[in-house]
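Chemist: could you work out the structure for the sequence below:
(one chain, ligands or ions: 3)
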Amino acid sequence: MTQEQWTAVDAYVTELISPDDEALSAAVASSEAAGLPQIAVAPPQGKMLHLLAKMQGARQVLEIGTLGGYSTIWLARALPENGRLISLEYSEAHAEVARANLARAGLDKVAEVRVGAALDSLPKLAAEPGAGPFDLFFIDADKVNNPRYVEWALKLSRPGSVIIVDNAVRGGKMLDAADSDPAVVGTREMYELVGREPRLDATVVQTVGERGWDGFLLARVID
Ligand code: SAH
Ligand code: DHB
Ligand code: MG
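Modeler: Ligands and ions are numbered 1, 2, ... in the order given. Model (predicted):
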């Protein structure tokens with residue numbers, strides 16, 4: 001199979017099963033127009049996040065890495081009326097695009113974007129009364145900090161919380177122990193941490209599609 005075929009299958013699945021509606025299409029278009037990198041989850045994965053949040057009955061969701069808010073929209077749409085999503089984003093410019101996209105999708109009451117390095121925002125969030133426990137976490141920011149983000153997710157979780165980490169495969173780069181790319185080092189550390197963490201039940205699902213060969217880690221905090 002080639003990249004071209006993987007992309008074509010993503011397009012087929014998207015068209016027949018789960019086409020992006022106006023708000024999602026507008027989020028993609030405005031992100032592109034603003035010059036954001038095109039690294040949002042692909043539509044079938046966006047829908048997967050939505051379904052997982054629904055299956056989980058999630059009411060409180062924490063996302064790390066907002067970009068233009070594409071995955072944020074999918075997740076926020078899974079929440080009940082009294083639900084709440086907080087998304088942490090380093091770049092003010094990305095956050096501005098995301099806020100406009102969330103407002104256009106009618107989700108600005110449910111979803112909040114907080115600007116700053118997530119490792120600065122997380123302790124502040126943890127200190128707020130009523131913040132968390134979160135029912136679902138979507139970790140999709142700088143990969144070097146993934147071990148820290150998983151630790152924070154655990155701190156802000158409850159038994160049964162779901163943790164999803166995007167880009168956990170990236171062409172299998174983590175197999176090379178000599179690769180000193182910080183993203184790869186962070187990914188390897190994340191696997192080691194999850195593997196030895198008795199509070200987490202986890203797996204990794206490999207994916208192919210318009211974003212190449214990648215995958216996500218899916219974990220559940222044990223009861
Ligand atoms: N979840 C988005 C894609 C996120 S891309 C989607 O699927 O639609 C990764 C995002 O993480 C980028 O916007 C980047 O600016 C942000 N980021 C990078 N380092 C960060 C950090 N230290 N803290 C918070 N966000 C960070
Ligand atoms: C990159 C980041 C992502 O979150 C992603 O899904 C794909 C690529 C990146 O930083 O290159
Ligand atoms: Mg990603």
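Chemist: C-alpha from now on. contacts and neighbour counts both.
Modeler: Fine.
Chemist: state the distance from the spatially most central residue of the chain to L175.
Modeler: Geometric centre of the chain, nearest residue: F138, 3.5 Å, by CA atoms, centre = their mean. Going from F138 to L175 by CA to CA, to the nearest Å gives 23 Å.
Chemist: ok, now I139?
Modeler: Applying CA to CA to I139 and L175 gives a distance of 21 Å.
Chemist: between these two, which one's more packed in?
Modeler: Neighbour count, other CA atoms under 10 Å: between I139 and L175, I139 has more, with 26 against 11.
Chemist: how about D201, secondary structure?
Modeler: Of the three states, D201 takes strand according to DSSP: H, G, I helix; E, B strand; the rest coil.
Chemist: can you read off the pLDDT for it?
Modeler: With respect to pLDDT, D201 scores 98.
Chemist: need the contact list for it.
Modeler: Residues near D201 by CA atoms under 8 Å, 6 or more residues apart in numbering: A219, R220, V221, I222.
Chemist: is it possible to get CSV of those that adds neighbour count?
Modeler: Formatted as CSV, those follow (neighbours: other CA atoms under 10 Å):
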residue, neighbour count
A219, 22
R220, 21
V221, 20
I222, 14
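Chemist: among those residues, which two are most distant?
Modeler: Greatest spatial distance among the contacts of D201 (CA to CA): A219 and I222, at 9.2 Å.
Chemist: any shared contact partners between the two?
Modeler: Counting by CA under 8 Å, 6+ apart, the shared contacts of A219 and I222 are L200, D201.
Chemist: which of the residues in the helix or strand containing Q5 are buried?
Modeler: Assigned by DSSP states H and E, Q5 belongs to helix 3-17. Of the residues in helix 3-17, W6, T7, D10, A11, T14 count as buried by neighbour count, 16 or more other CA atoms under 10 Å.
Chemist: mind saving the C-alpha coords of that helix as CSV?
Modeler: The C-alpha atoms that make up helix 3-17 are tabulated as CSV, following Å, rounded to 0.1, in the frame of the first residue of the first chain:
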residue,chain,number,x,y,z
GLN,A,3,0.5,6.9,0.9
GLU,A,4,-1.7,7.7,-2.1
GLN,A,5,-3.9,4.8,-1.4
TRP,A,6,-4.1,5.5,2.4
THR,A,7,-5.2,9.0,1.6
ALA,A,8,-7.8,7.8,-0.9
VAL,A,9,-9.2,5.4,1.7
ASP,A,10,-9.4,8.2,4.3
ALA,A,11,-11.3,10.3,1.7
TYR,A,12,-13.6,7.4,0.9
VAL,A,13,-14.4,6.7,4.6
THR,A,14,-14.9,10.4,5.3
GLU,A,15,-17.2,10.9,2.4
LEU,A,16,-19.4,7.9,3.0
ILE,A,17,-19.4,7.6,6.8
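Chemist: quick one: list the elements packing against that helix.
Modeler: Contacts defined by 3 or more CA pairs under 8 Å, 6 or more residues apart in numbering; DSSP states H and E place helix 3-17 against helix 43-56, strand 200-209.
Chemist: do that again at 6 Å, thanks
Modeler: strand 200-209 (3 or more CA pairs under 6 Å, 6 or more residues apart in numbering; DSSP states H and E).
Chemist: perfect, that will be all.
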